[in-house]
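K.L.:
Have a look at this fold, sequence not included:
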């Protein structure tokens with residue numbers, strides 16, 4: 001993915017912002033800050049509403065200031081199914097806003113006059129809201145303003161709340177760093193096992209509890225959906241509240257905000273990073289991770305203090321609250337697609353399916369052929385064929401390379417034990433590489449099989465269809481046995497890109513512009 005800053009909006013009177021929320025269904029942006037500042041913005045969507053994404057205009061079609069708060073806005077949260085906005089300030093005042101004839105109006109007010117609100121969360125259906133106060137009070141109310149139940153948690157200081165996707169559980173974060181699980185009626189269930197903090201004795205506050213509800217499907221079956229993120233940059237990604245083997249990450253920053261994108265495929269973590277070699281100087285950054293903890297990108301953001309972040313509905317933009325500005329960054333995802341033999345191959349996922357739909361579209365005849373592939377990793381093409389890199393359940397060779405023709409029919413396949421992070425191909429070879437090893441496969445088609453059989457009979461050579469080498473080794477054209485243990489060894493200079501022509505394989509290493517090249521006699525048997 002590629003990300004870059006695209007727009008900046010200044011808040012009047014240099015009022016500092018505390019929080020920002022983006023309504024993913026209707027596109028409204030709420031931002032709150034000092035002195036009771038609460039605004040609702042909306043970026044222009046075009047006259048016909050059909051221009052979306054990165055090509056959409058970025059002028060404001062709404063810029064409304066909502067009056068009612070006096071203290072600093074602490075929390076803003078959207079009820080998307082019912083088009084409501086809920087806000088709370090430092091004095092504990094809660095206001096529910098409704099949209100009427102194109103403007104936002106105050107619908108309900110609540111003030112407990114005892115403590116400050118530390119978290120508010122609507123459930124997936126938007127029927128219930130849970131409000132937690134710093135002094136341990138918990139209130140669950142309905143969308144029409146009625147109180148369902150209330151509870152006083154003794155001897156705790158609450159810091160945040162989130163619902164489970166099925167609305168059966170509530171997770172409460174404490175100022176001590178603990179996370180407790182309650183049922184939807186307020187009964188204690190358990191404590192979440194926190195492993196990301198390790199043996200650190202310093203107490204860190206939970207800055208974000210976020211549980212992706214699965215509304216837009218999942219990138220991978222069984223991926224982590226619950227994130228617990230601390231101010232010190234430690235976080236853990238979990239499958240559910242009982243996950244004993246979470247993915248633990250140390251972002252290396254002081255975290256201010258953390259949010260899943262609309263389909264749970266990217267986690268954005270915003271905060272401040274200490275600059276090396278400088279005294280008491282920090283840089284605002286936002287980091288992006290996959291659900292399994294792989295780091296994707298880091299974007300530096302101008303300003304002194306970043307305080308919040310929020311995703312747009314299609315995850316092609318993200319809003320960042322920095323000082324008295326809202327910055328917008330555009331995201332260009334790594335789409336899985338390719339073009340060969342007058343055929344465009346593209347993929348997408350459906351909410352009701354766990355696999356990827358791969359469409360082969362002939363642009364000349366307009367014919368479309370579709371197949372479904374589970375755990376699709378990447379696509380590459382050359383000549384008359386394309387290759388689909390997949391993941392399977394085989395313990396020995398858990399990754400597959402499937403060669404297909406222009407209508408999606410499998411022609412040949414190969415299963416390997418190295419993760420194909422980088423895949424490229426020529427008219428006769430498929431090349432797949434992990435960070436440490438490279439696999440070269442001389443595939444067969446009906447046409448090449450006939451020619452290969454005749455050539456082998458004439459030359460007397462053995463049929464050597466595949467080769468594998470470690471990036472730290474010096475491969476030759478001589479036949480050699482594959483040492484699978486060697487292929488799993490880590491390298492200090494991992495592969496970060498791979499490309500091939502009919503005669504040359506070119507790879508780049510993560511070391512500053514380091515290259516390795518292999519010519520045809522080394523990787524081929526021709």
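P.N.:
Thanks, I have the structure now. A quick note: this is a predicted structure, and the numbers were derived from the prediction, not measured.

K.L.:
Do I have it right that residue 426 meets residue 380?
P.N.:
No - counting by C-beta atoms under 8 Å, residue 426 stays clear of residue 380, with 9.9 Å between them. C-betas here are computed from N, CA, C, even on glycine.

K.L.:
which residues of the chain fall in helices?
P.N.:
Using DSSP state H, the helices of the chain run over residues 446-459, 484-487, 520-523.

K.L.:
so where's the stretch 151-300 of the chain uncertain?
P.N.:
For the stretch 151-300 of the chain, applying pLDDT under 70 flags the ranges 200-202, 277-280.

K.L.:
can you give me the strands for it?
P.N.:
Counting by DSSP state E, counting those that start in this stretch, the stretch 151-300 of the chain has strands at residues 158-163, 169-174, 179-183, 188-191, 206-211, 226-230, 234-238, 247-250, 254-260, 267-274, 282-289, 295-301.

K.L.:
Pipe those strands into a markdown table and attach mean neighbour count and distance to residue 466 per row.
P.N.:
A markdown table is the format used below for the strands of the stretch 151-300 of the chain (neighbours: other C-beta atoms under 10 Å; distance: least, C-beta to C-beta, whole Å):
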| stretch | mean neighbour count | distance to residue 466 |
| --- | --- | --- |
| strand 158-163 | 22 | 48 |
| strand 169-174 | 23 | 49 |
| strand 179-183 | 18 | 48 |
| strand 188-191 | 13 | 50 |
| strand 206-211 | 22 | 44 |
| strand 226-230 | 26 | 40 |
| strand 234-238 | 23 | 35 |
| strand 247-250 | 18 | 33 |
| strand 254-260 | 22 | 40 |
| strand 267-274 | 23 | 37 |
| strand 282-289 | 20 | 34 |
| strand 295-301 | 15 | 31 |
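
K.L.:
between these, which gets nearest to residue 61?
P.N.:
Of all these, the one in closest proximity to residue 61, counting by C-beta to C-beta, is strand 254-260 (23.7 Å).

K.L.:
residues in contact with that closest one?
P.N.:
Residues lying outside strand 254-260 but in contact with it, judged by C-beta atoms under 8 Å, 6 or more residues apart in numbering, are 207-208, 210, 212, 225, 227, 229-233, 235, 266-273, 282, 305-311.

K.L.:
wait, residue 430 sits on residue 401?
P.N.:
Yes - here residue 430 reaches residue 401: they are 5.6 Å apart, a contact under C-beta under 8 Å.

K.L.:
Looking at these two, which has the bigger crowd around it?
P.N.:
Set side by side, residue 430 and residue 401 give different neighbour counts by other C-beta atoms under 10 Å, the larger being at residue 430 (27 against 24).

K.L.:
give me every residue that touches the more buried one.
P.N.:
Counting by C-beta under 8 Å, 6+ apart, residue 430 makes contact with 380, 387, 401, 403, 414, 423, 424, 440, 441, 443.

K.L.:
what's the closest of the residues you listed to residue 109?
P.N.:
residue 423 (57.4 Å).

K.L.:
Under the pLDDT cut-off, which ranges of the chain? List them.
P.N.:
45-58, 200-202, 277-280, 447-464, 475-484, 505-526.

K.L.:
Centre-most residue in it?
P.N.:
In the chain, the residue lying closest to the centroid (C-alpha atoms, centre = their mean) is residue 266, at 0.4 Å.

K.L.:
Without its sequence neighbours, what residue ends up closest to residue 9?
P.N.:
With C-beta to C-beta, 6 or more residues apart in numbering as the criterion, residue 9 has its nearest non-adjacent residue at 4.5 Å, and that residue is residue 326.

K.L.:
Let me see the contact set for that neighbour.
P.N.:
Each residue near residue 326 by C-beta under 8 Å, 6+ apart is listed here: 8, 9, 11, 17, 20, 29, 31, 41, 319, 320.

K.L.:
Quick check: residue 186 touching residue 152?
P.N.:
No - when contacts are counted by C-beta under 8 Å, residue 186 is not listed as touching residue 152 (10.1 Å).
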